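S.K.: A predicted structure for the sequence below; I have some questions about it.
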Amino acid sequence: MKKRLFAIDAVRGWVVIFMALDHAMYFSYVHIFAEGYQGLRPEPMPDALHYLTRFITHYCAPTFIFLAGLGVALYTLSRRERGLSEGQITRKLVIRGLLLIALQMTVVNVTWSFDLSAGWSLVYFGVLACIGSGLIVLAFARRLPVPLLASGSILLLLVMPFLLDGLPVVSGADQPLLEIALQPNAEGWLAVNYPILPWLGVMGLGCACGYWIGSAPQRTTKFFLSMGALLLSMWVLVRIVGGYGNLTPYLGGDWRDFLLMSKYPPSLTFLLWNLGGMAIAIAGHNYFEKTLRSNRSWGVVTLFGGTALFFYVVHLPLYKLLSLIPPLHGSLMAAYLAWLVGLGIMIPLCVGYRALKHRYPQSVLQYV
(Lines give C-alpha, C1' and ligand atoms only; values in the text may rest on other atoms or scores of the structure.)
Protein backbone atom coordinates (compact mmCIF):
# COMPACT_ATOMS: atom_id res chain seq x y z
CA MET A 1 0.00 0.00 0.00
CA LYS A 2 1.77 3.14 -1.26
CA LYS A 3 -1.10 5.61 -1.29
CA ARG A 4 -4.16 6.46 0.76
CA LEU A 5 -7.44 4.88 -0.26
CA PHE A 6 -9.89 7.55 -1.41
CA ALA A 7 -12.96 5.65 -0.19
CA ILE A 8 -11.57 5.27 3.33
CA ASP A 9 -10.68 8.96 3.66
CA ALA A 10 -14.03 9.97 2.17
CA VAL A 11 -16.16 7.85 4.50
CA ARG A 12 -14.07 8.90 7.49
CA GLY A 13 -14.53 12.49 6.35
CA TRP A 14 -18.32 12.13 6.29
CA VAL A 15 -18.42 10.80 9.82
CA VAL A 16 -16.13 13.65 10.92
CA ILE A 17 -18.77 16.03 9.52
CA PHE A 18 -21.58 14.12 11.28
CA MET A 19 -19.57 14.14 14.51
CA ALA A 20 -19.17 17.91 14.28
CA LEU A 21 -22.96 18.20 13.98
CA ASP A 22 -23.44 16.17 17.15
CA HIS A 23 -20.96 18.28 19.10
CA ALA A 24 -22.40 21.53 17.75
CA MET A 25 -25.74 20.39 19.14
CA TYR A 26 -24.12 19.55 22.48
CA PHE A 27 -22.51 22.95 22.95
CA SER A 28 -25.03 25.22 21.21
CA TYR A 29 -28.36 23.53 21.93
CA VAL A 30 -28.81 20.32 23.90
CA HIS A 31 -27.29 16.84 23.96
CA ILE A 32 -29.86 14.90 21.95
CA PHE A 33 -30.18 11.19 22.71
CA ALA A 34 -31.67 8.77 20.20
CA GLU A 35 -30.16 5.60 21.63
CA GLY A 36 -30.17 3.54 24.80
CA TYR A 37 -27.75 3.93 27.70
CA GLN A 38 -27.27 0.97 30.04
CA GLY A 39 -30.71 -0.33 29.15
CA LEU A 40 -32.41 3.03 29.71
CA ARG A 41 -34.53 4.51 26.93
CA PRO A 42 -34.12 8.21 26.05
CA GLU A 43 -36.79 10.83 26.46
CA PRO A 44 -39.20 10.95 23.49
CA MET A 45 -38.06 13.19 20.63
CA PRO A 46 -40.20 16.26 19.87
CA ASP A 47 -40.07 15.54 16.12
CA ALA A 48 -38.36 13.48 13.44
CA LEU A 49 -35.77 16.20 12.70
CA HIS A 50 -34.42 16.01 16.24
CA TYR A 51 -34.30 12.22 16.01
CA LEU A 52 -32.54 12.13 12.64
CA THR A 53 -30.10 14.83 13.72
CA ARG A 54 -28.78 12.48 16.36
CA PHE A 55 -29.41 9.21 14.52
CA ILE A 56 -27.13 10.11 11.60
CA THR A 57 -24.27 10.60 14.07
CA HIS A 58 -24.55 6.97 15.21
CA TYR A 59 -22.31 6.04 12.30
CA CYS A 60 -19.44 8.01 13.82
CA ALA A 61 -18.05 5.83 16.62
CA PRO A 62 -18.40 2.44 14.85
CA THR A 63 -16.83 3.87 11.68
CA PHE A 64 -13.98 5.64 13.47
CA ILE A 65 -13.13 2.54 15.48
CA PHE A 66 -13.44 0.11 12.57
CA LEU A 67 -11.30 2.34 10.34
CA ALA A 68 -8.75 2.76 13.12
CA GLY A 69 -8.29 -1.00 13.04
CA LEU A 70 -8.24 -1.02 9.26
CA GLY A 71 -5.61 1.72 9.40
CA VAL A 72 -3.38 -0.49 11.56
CA ALA A 73 -3.33 -3.09 8.79
CA LEU A 74 -2.68 -0.59 6.00
CA TYR A 75 0.02 1.09 8.08
CA THR A 76 1.66 -2.26 8.72
CA LEU A 77 1.65 -3.17 5.02
CA SER A 78 3.02 0.18 3.89
CA ARG A 79 5.77 0.28 6.55
CA ARG A 80 6.84 -3.24 5.68
CA GLU A 81 7.27 -2.07 2.09
CA ARG A 82 9.47 0.76 3.36
CA GLY A 83 11.66 -1.69 5.22
CA LEU A 84 10.59 -1.01 8.81
CA SER A 85 10.98 -3.91 11.20
CA GLU A 86 8.03 -5.39 13.08
CA GLY A 87 9.47 -3.95 16.28
CA GLN A 88 9.56 -0.44 14.80
CA ILE A 89 5.97 -0.73 13.56
CA THR A 90 4.82 -1.96 16.97
CA ARG A 91 6.61 0.88 18.74
CA LYS A 92 5.04 3.55 16.51
CA LEU A 93 1.56 2.10 17.01
CA VAL A 94 2.01 1.98 20.79
CA ILE A 95 3.22 5.59 20.81
CA ARG A 96 0.18 6.68 18.82
CA GLY A 97 -2.10 4.78 21.19
CA LEU A 98 -0.52 6.42 24.22
CA LEU A 99 -0.81 9.83 22.54
CA LEU A 100 -4.53 9.31 21.99
CA ILE A 101 -5.04 8.42 25.64
CA ALA A 102 -2.98 11.46 26.70
CA LEU A 103 -5.04 13.78 24.47
CA GLN A 104 -8.23 12.31 25.95
CA MET A 105 -7.09 12.92 29.50
CA THR A 106 -5.89 16.48 28.87
CA VAL A 107 -7.15 18.68 26.03
CA VAL A 108 -10.33 16.75 25.28
CA ASN A 109 -11.48 16.21 28.85
CA VAL A 110 -10.85 19.82 29.83
CA THR A 111 -12.92 20.94 26.84
CA TRP A 112 -15.74 18.61 27.88
CA SER A 113 -15.36 20.09 31.39
CA PHE A 114 -14.46 16.77 32.97
CA ASP A 115 -12.26 18.41 35.55
CA LEU A 116 -12.63 19.63 39.12
CA SER A 117 -15.82 21.58 38.33
CA ALA A 118 -18.73 20.79 40.61
CA GLY A 119 -21.11 18.20 39.23
CA TRP A 120 -18.67 16.59 36.81
CA SER A 121 -16.65 13.42 37.00
CA LEU A 122 -12.92 13.86 37.49
CA VAL A 123 -11.89 11.50 34.68
CA TYR A 124 -13.64 10.72 31.39
CA PHE A 125 -12.71 7.61 29.41
CA GLY A 126 -13.99 8.58 25.99
CA VAL A 127 -13.61 7.51 22.38
CA LEU A 128 -9.97 8.61 22.00
CA ALA A 129 -8.97 6.62 25.08
CA CYS A 130 -10.88 3.61 23.74
CA ILE A 131 -9.20 3.82 20.32
CA GLY A 132 -5.81 4.44 21.90
CA SER A 133 -6.18 1.35 24.09
CA GLY A 134 -7.25 -0.69 21.07
CA LEU A 135 -4.22 0.53 19.10
CA ILE A 136 -1.93 -0.70 21.86
CA VAL A 137 -3.59 -4.13 21.80
CA LEU A 138 -3.48 -4.31 17.98
CA ALA A 139 0.15 -3.21 17.93
CA PHE A 140 0.81 -6.79 19.02
CA ALA A 141 -2.33 -8.66 17.86
CA ARG A 142 -1.86 -7.41 14.26
CA ARG A 143 0.79 -10.12 13.81
CA LEU A 144 -1.72 -12.91 14.32
CA PRO A 145 -2.77 -14.89 11.22
CA VAL A 146 -5.54 -12.89 9.55
CA PRO A 147 -8.15 -15.70 9.80
CA LEU A 148 -7.44 -15.98 13.55
CA LEU A 149 -7.60 -12.21 14.01
CA ALA A 150 -10.93 -12.05 12.15
CA SER A 151 -12.53 -15.05 13.86
CA GLY A 152 -11.36 -13.92 17.30
CA SER A 153 -12.81 -10.44 16.74
CA ILE A 154 -16.15 -11.83 15.54
CA LEU A 155 -16.28 -14.23 18.49
CA LEU A 156 -15.67 -11.34 20.89
CA LEU A 157 -18.57 -9.43 19.33
CA LEU A 158 -20.86 -12.45 19.57
CA VAL A 159 -20.12 -13.21 23.24
CA MET A 160 -20.30 -9.57 24.30
CA PRO A 161 -24.08 -9.64 25.01
CA PHE A 162 -23.50 -12.46 27.52
CA LEU A 163 -20.60 -10.62 29.20
CA LEU A 164 -22.61 -7.42 29.47
CA ASP A 165 -25.51 -9.29 31.01
CA GLY A 166 -23.37 -11.37 33.36
CA LEU A 167 -21.10 -8.59 34.68
CA PRO A 168 -23.32 -5.58 35.42
CA VAL A 169 -22.19 -2.39 37.14
CA VAL A 170 -23.38 -2.14 40.75
CA SER A 171 -25.18 1.17 41.22
CA GLY A 172 -23.31 3.54 43.52
CA ALA A 173 -20.13 1.45 43.58
CA ASP A 174 -16.77 2.44 42.09
CA GLN A 175 -15.70 -0.33 39.70
CA PRO A 176 -13.10 1.38 37.47
CA LEU A 177 -11.65 -1.78 35.93
CA LEU A 178 -15.07 -3.17 35.01
CA GLU A 179 -16.18 0.19 33.63
CA ILE A 180 -13.07 0.77 31.51
CA ALA A 181 -13.04 -2.80 30.25
CA LEU A 182 -16.73 -3.56 29.75
CA GLN A 183 -19.55 -1.42 31.14
CA PRO A 184 -20.29 2.27 30.46
CA ASN A 185 -21.08 4.24 33.58
CA ALA A 186 -21.53 7.97 34.21
CA GLU A 187 -21.64 7.85 38.00
CA GLY A 188 -18.79 8.59 40.39
CA TRP A 189 -15.29 10.01 39.79
CA LEU A 190 -14.86 8.03 36.57
CA ALA A 191 -17.17 8.44 33.58
CA VAL A 192 -16.94 5.85 30.79
CA ASN A 193 -18.88 5.87 27.54
CA TYR A 194 -16.56 3.74 25.43
CA PRO A 195 -15.26 0.70 27.35
CA ILE A 196 -12.51 -1.23 25.60
CA LEU A 197 -13.84 -4.77 25.12
CA PRO A 198 -17.19 -4.01 23.39
CA TRP A 199 -15.28 -2.00 20.77
CA LEU A 200 -12.13 -4.11 20.51
CA GLY A 201 -13.92 -6.66 18.35
CA VAL A 202 -14.90 -3.89 15.94
CA MET A 203 -11.31 -2.67 15.77
CA GLY A 204 -9.90 -6.16 15.31
CA LEU A 205 -12.38 -6.88 12.53
CA GLY A 206 -11.34 -3.64 10.86
CA CYS A 207 -7.71 -4.73 11.04
CA ALA A 208 -8.48 -8.06 9.40
CA CYS A 209 -10.46 -6.32 6.64
CA GLY A 210 -7.54 -3.95 6.13
CA TYR A 211 -5.22 -6.86 5.44
CA TRP A 212 -7.70 -8.39 3.01
CA ILE A 213 -8.16 -5.25 0.90
CA GLY A 214 -4.58 -4.07 1.40
CA SER A 215 -3.22 -7.15 -0.33
CA ALA A 216 -5.67 -6.69 -3.25
CA PRO A 217 -7.13 -3.13 -3.43
CA GLN A 218 -9.00 -4.00 -6.64
CA ARG A 219 -11.47 -6.10 -4.65
CA THR A 220 -12.39 -3.27 -2.25
CA THR A 221 -15.77 -2.50 -3.82
CA LYS A 222 -16.95 -6.11 -4.01
CA PHE A 223 -15.63 -6.91 -0.55
CA PHE A 224 -17.37 -4.06 1.25
CA LEU A 225 -20.57 -4.35 -0.78
CA SER A 226 -20.86 -8.01 0.22
CA MET A 227 -19.97 -7.20 3.81
CA GLY A 228 -22.57 -4.43 3.99
CA ALA A 229 -25.33 -6.58 2.53
CA LEU A 230 -24.52 -9.39 4.97
CA LEU A 231 -24.45 -7.15 8.05
CA LEU A 232 -27.66 -5.33 7.19
CA SER A 233 -29.45 -8.62 6.50
CA MET A 234 -28.29 -9.89 9.89
CA TRP A 235 -29.50 -6.65 11.48
CA VAL A 236 -33.02 -7.13 10.12
CA LEU A 237 -33.12 -10.68 11.44
CA VAL A 238 -31.72 -9.92 14.91
CA ARG A 239 -33.90 -6.84 15.33
CA ILE A 240 -37.12 -8.57 14.30
CA VAL A 241 -36.50 -11.71 16.35
CA GLY A 242 -35.58 -9.67 19.44
CA GLY A 243 -33.85 -10.96 22.55
CA TYR A 244 -30.19 -11.75 21.88
CA GLY A 245 -28.30 -8.77 20.49
CA ASN A 246 -30.98 -6.24 21.45
CA LEU A 247 -29.96 -4.36 24.59
CA THR A 248 -32.80 -1.93 23.88
CA PRO A 249 -35.80 -4.04 22.81
CA TYR A 250 -38.31 -2.98 20.20
CA LEU A 251 -41.62 -2.21 21.92
CA GLY A 252 -43.78 -2.12 18.83
CA GLY A 253 -43.84 1.64 18.25
CA ASP A 254 -43.19 3.57 15.05
CA TRP A 255 -40.06 3.49 12.90
CA ARG A 256 -38.14 5.52 15.46
CA ASP A 257 -38.67 2.88 18.11
CA PHE A 258 -37.62 0.16 15.68
CA LEU A 259 -34.38 2.09 15.07
CA LEU A 260 -33.82 2.73 18.78
CA MET A 261 -30.76 0.67 19.69
CA SER A 262 -28.19 0.75 22.48
CA LYS A 263 -24.98 2.68 21.85
CA TYR A 264 -23.74 2.68 25.47
CA PRO A 265 -22.74 -0.15 25.43
CA PRO A 266 -23.05 -0.95 21.73
CA SER A 267 -25.58 -3.69 21.10
CA LEU A 268 -25.10 -6.20 18.31
CA THR A 269 -27.97 -4.57 16.41
CA PHE A 270 -26.33 -1.15 16.76
CA LEU A 271 -23.06 -2.47 15.32
CA LEU A 272 -24.72 -4.47 12.52
CA TRP A 273 -26.72 -1.45 11.35
CA ASN A 274 -23.91 1.09 11.48
CA LEU A 275 -21.07 -1.10 10.21
CA GLY A 276 -23.35 -2.36 7.46
CA GLY A 277 -24.13 1.18 6.35
CA MET A 278 -20.45 2.12 6.61
CA ALA A 279 -19.46 -0.85 4.39
CA ILE A 280 -22.01 0.12 1.72
CA ALA A 281 -20.70 3.69 1.82
CA ILE A 282 -17.08 2.53 1.36
CA ALA A 283 -18.11 0.34 -1.58
CA GLY A 284 -20.00 3.21 -3.20
CA HIS A 285 -17.21 5.73 -2.78
CA ASN A 286 -14.68 3.27 -4.12
CA TYR A 287 -16.82 2.38 -7.15
CA PHE A 288 -17.48 6.03 -8.06
CA GLU A 289 -13.99 7.24 -7.10
CA LYS A 290 -13.11 8.84 -10.45
CA THR A 291 -16.38 10.76 -10.59
CA LEU A 292 -16.24 11.88 -6.97
CA ARG A 293 -12.60 12.97 -7.15
CA SER A 294 -13.53 15.49 -9.87
CA ASN A 295 -16.06 17.12 -7.51
CA ARG A 296 -14.40 19.85 -5.42
CA SER A 297 -16.78 19.32 -2.49
CA TRP A 298 -15.39 15.81 -2.04
CA GLY A 299 -11.98 17.38 -1.62
CA VAL A 300 -13.22 18.92 1.62
CA VAL A 301 -14.62 15.57 2.74
CA THR A 302 -11.34 13.74 2.13
CA LEU A 303 -9.43 16.64 3.72
CA PHE A 304 -11.37 16.09 6.96
CA GLY A 305 -10.98 12.33 6.63
CA GLY A 306 -7.22 12.61 6.22
CA THR A 307 -6.84 14.91 9.24
CA ALA A 308 -9.45 13.32 11.50
CA LEU A 309 -7.50 13.34 14.78
CA PHE A 310 -6.40 16.95 14.33
CA PHE A 311 -10.00 17.87 13.49
CA TYR A 312 -11.30 16.06 16.58
CA VAL A 313 -8.97 17.77 19.02
CA VAL A 314 -9.40 21.27 17.54
CA HIS A 315 -13.12 21.28 16.79
CA LEU A 316 -14.19 20.70 20.39
CA PRO A 317 -12.87 23.99 21.83
CA LEU A 318 -13.91 25.71 18.59
CA TYR A 319 -17.57 24.69 18.95
CA LYS A 320 -17.47 25.51 22.63
CA LEU A 321 -16.33 29.04 21.75
CA LEU A 322 -18.90 29.39 18.96
CA SER A 323 -21.66 28.51 21.43
CA LEU A 324 -20.86 31.76 23.28
CA ILE A 325 -22.06 33.79 20.28
CA PRO A 326 -25.82 34.49 20.80
CA PRO A 327 -26.97 33.81 17.19
CA LEU A 328 -25.23 30.42 17.39
CA HIS A 329 -26.84 29.23 20.60
CA GLY A 330 -30.20 28.24 22.03
CA SER A 331 -32.12 26.40 19.32
CA LEU A 332 -31.89 23.54 16.86
CA MET A 333 -31.43 25.90 13.91
CA ALA A 334 -28.83 27.96 15.77
CA ALA A 335 -26.86 24.79 16.42
CA TYR A 336 -27.07 23.87 12.73
CA LEU A 337 -25.71 27.31 11.88
CA ALA A 338 -22.89 26.89 14.40
CA TRP A 339 -22.10 23.53 12.81
CA LEU A 340 -21.71 25.07 9.34
CA VAL A 341 -19.66 28.00 10.65
CA GLY A 342 -17.38 25.61 12.49
CA LEU A 343 -16.87 23.45 9.38
CA GLY A 344 -15.96 26.57 7.41
CA ILE A 345 -13.34 27.53 10.00
CA MET A 346 -11.91 24.01 10.13
CA ILE A 347 -11.21 23.86 6.38
CA PRO A 348 -8.20 26.24 6.35
CA LEU A 349 -7.00 24.87 9.69
CA CYS A 350 -6.95 21.31 8.32
CA VAL A 351 -5.30 22.47 5.07
CA GLY A 352 -2.57 24.19 7.08
CA TYR A 353 -2.09 21.20 9.35
CA ARG A 354 -1.87 18.79 6.42
CA ALA A 355 0.78 20.96 4.73
CA LEU A 356 2.75 21.17 7.97
CA LYS A 357 2.59 17.40 8.43
CA HIS A 358 3.85 16.82 4.89
CA ARG A 359 6.67 19.30 5.47
CA TYR A 360 7.82 17.55 8.65
CA PRO A 361 6.94 13.87 8.09
CA GLN A 362 9.29 12.56 10.79
CA SER A 363 8.17 14.94 13.52
CA VAL A 364 5.69 14.18 16.29
CA LEU A 365 2.96 15.11 13.79
CA GLN A 366 3.29 11.63 12.24
CA TYR A 367 1.34 10.36 15.25
CA VAL A 368 -1.50 12.93 15.01
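M.R.: On my side now, so go ahead. Given the structure is predicted, the values throughout are model-derived calculations rather than measurements.

S.K.: number of nearby residues for residue 343?
M.R.: Neighbours of residue 343 under the rule other Cβ atoms under 10 Å: 19. C-betas here are computed from N, CA, C, even on glycine.

S.K.: what's the pLDDT at it?
M.R.: pLDDT, residue 343: 98.

S.K.: nearest residue to it other than its sequence neighbours?
M.R.: residue 20 (6.1 Å; Cβ to Cβ, 6 or more residues apart in numbering).

S.K.: close enough to count as contact, that neighbour and residue 319?
M.R.: Yes - counting by Cβ atoms under 8 Å, residue 20 touches residue 319, with 7.2 Å between them.

S.K.: Quick one: the helices in the stretch 151-300 of the chain, in order.
M.R.: Shown for the stretch 151-300 of the chain, the helices assigned by DSSP state H, counting those that start in this stretch span residues 176-181, 196-214, 220-241, 255-258, 268-287, 289-293, 296-306.

S.K.: would you list these in CSV and tack on distance to residue 187 and mean pLDDT?
M.R.: Putting the helices of the stretch 151-300 of the chain into CSV (distance: least, Cβ to Cβ, whole Å; pLDDT from 0 to 100) gives the following:
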stretch, distance to residue 187, mean pLDDT
helix 176-181, 9, 94
helix 196-214, 18, 97
helix 220-241, 30, 97
helix 255-258, 27, 91
helix 268-287, 22, 97
helix 289-293, 45, 88
helix 296-306, 34, 92
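
S.K.: So which of those is nearest residue 65?
M.R.: helix 196-214 (4.9 Å; Cβ to Cβ).

S.K.: In TSV, list the helices of the stretch 151-300 of the chain along with mean neighbour count and distance to residue 343.
M.R.: Below are the helices of the stretch 151-300 of the chain laid out as TSV (neighbours: other Cβ atoms under 10 Å; distance: least, Cβ to Cβ, whole Å):
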stretch	mean neighbour count	distance to residue 343
helix 176-181	16	33
helix 196-214	24	26
helix 220-241	17	26
helix 255-258	12	27
helix 268-287	23	19
helix 289-293	13	19
helix 296-306	18	8
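
S.K.: right, and these - which one's nearest residue 134?
M.R.: helix 196-214 (4.2 Å).

S.K.: For residue 65, list the residues it contacts.
M.R.: By Cβ atoms under 8 Å, 6 or more residues apart in numbering, residue 65 lies in contact with 127, 130, 131, 134, 199, 202, 203, 206.

S.K.: do the same with residue 262
M.R.: Residue 262 makes contact with 35, 36, 37, 39, 246, 247, 248, 269, 270, according to Cβ under 8 Å, 6+ apart.

S.K.: change it to 6 Å
M.R.: Counting by Cβ atoms under 6 Å, 6 or more residues apart in numbering, residue 262 makes contact with 36, 247, 248, 270.

S.K.: Count the neighbours of residue 162 for me.
M.R.: Residue neighbour count, defined by other Cβ under 10 Å, stands at 10 for residue 162.

S.K.: residues touching it, list them.
M.R.: By Cβ under 6 Å, 6+ apart, the contact set of residue 162 is empty.

S.K.: From residue 274, how far off is it?
M.R.: Separation of residue 162 from residue 274 (Cβ to Cβ, to the nearest Å): 21 Å.

S.K.: And residue 163, by the same measure?
M.R.: According to Cβ to Cβ, residue 163 and residue 274 sit 20 Å apart.

S.K.: again with residue 346
M.R.: Plainly put, residue 346 is 24 Å away from residue 274 if you go by Cβ to Cβ.

S.K.: Sketch out the low-pLDDT regions of the chain for me.
M.R.: Residue ranges of the chain with pLDDT under 70: 1-3, 114-121.

S.K.: So for this protein, which residue is the most central one in space?
M.R.: residue 61 (2.3 Å; Cα atoms, centre = their mean).

S.K.: can I assume residue 83 sits in a helix?
M.R.: No - per DSSP: H, G, I helix; E, B strand; the rest coil, residue 83 lies outside any helix segment and is coil.

S.K.: before we move on, the earlier item: between the contacts of residue 262, which sits nearest residue 228?
M.R.: residue 270 (15.5 Å).

S.K.: check contacts around the residue lying closest to the closest one once chain neighbours are set aside.
M.R.: In space, and not counting its chain neighbours, residue 270 is closest to residue 261: 4.1 Å by Cβ to Cβ, 6+ apart. Shown in contact with residue 261 (Cβ under 6 Å, 6+ apart): 248, 267, 269, 270.

S.K.: Switch the residues you listed over to JSON lines, and while doing so, append distance to residue 334 to every line.
M.R.: Listed next are these as JSON lines, based on distance: Cβ to Cβ, whole Å:
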{"residue": "248", "distance to residue 334": "30"}
{"residue": "267", "distance to residue 334": "33"}
{"residue": "269", "distance to residue 334": "33"}
{"residue": "270", "distance to residue 334": "29"}
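
S.K.: Helices of the stretch 1-150 of the chain, start to end?
M.R.: For the stretch 1-150 of the chain, the helices defined by DSSP H, counting those that start in this stretch cover 6-28, 48-55, 60-81, 86-103, 109-112, 127-141, 146-166.

S.K.: So which bits of the last one are buried?
M.R.: Within helix 146-166, the residues scored as buried using 16 or more other Cβ atoms under 10 Å are 146, 149, 150, 152, 153, 156, 157, 160, 161, 164.

S.K.: Could you measure from the first one over to residue 212?
M.R.: Applying Cβ to Cβ, the value for residue 146 to residue 212 is 7 Å.
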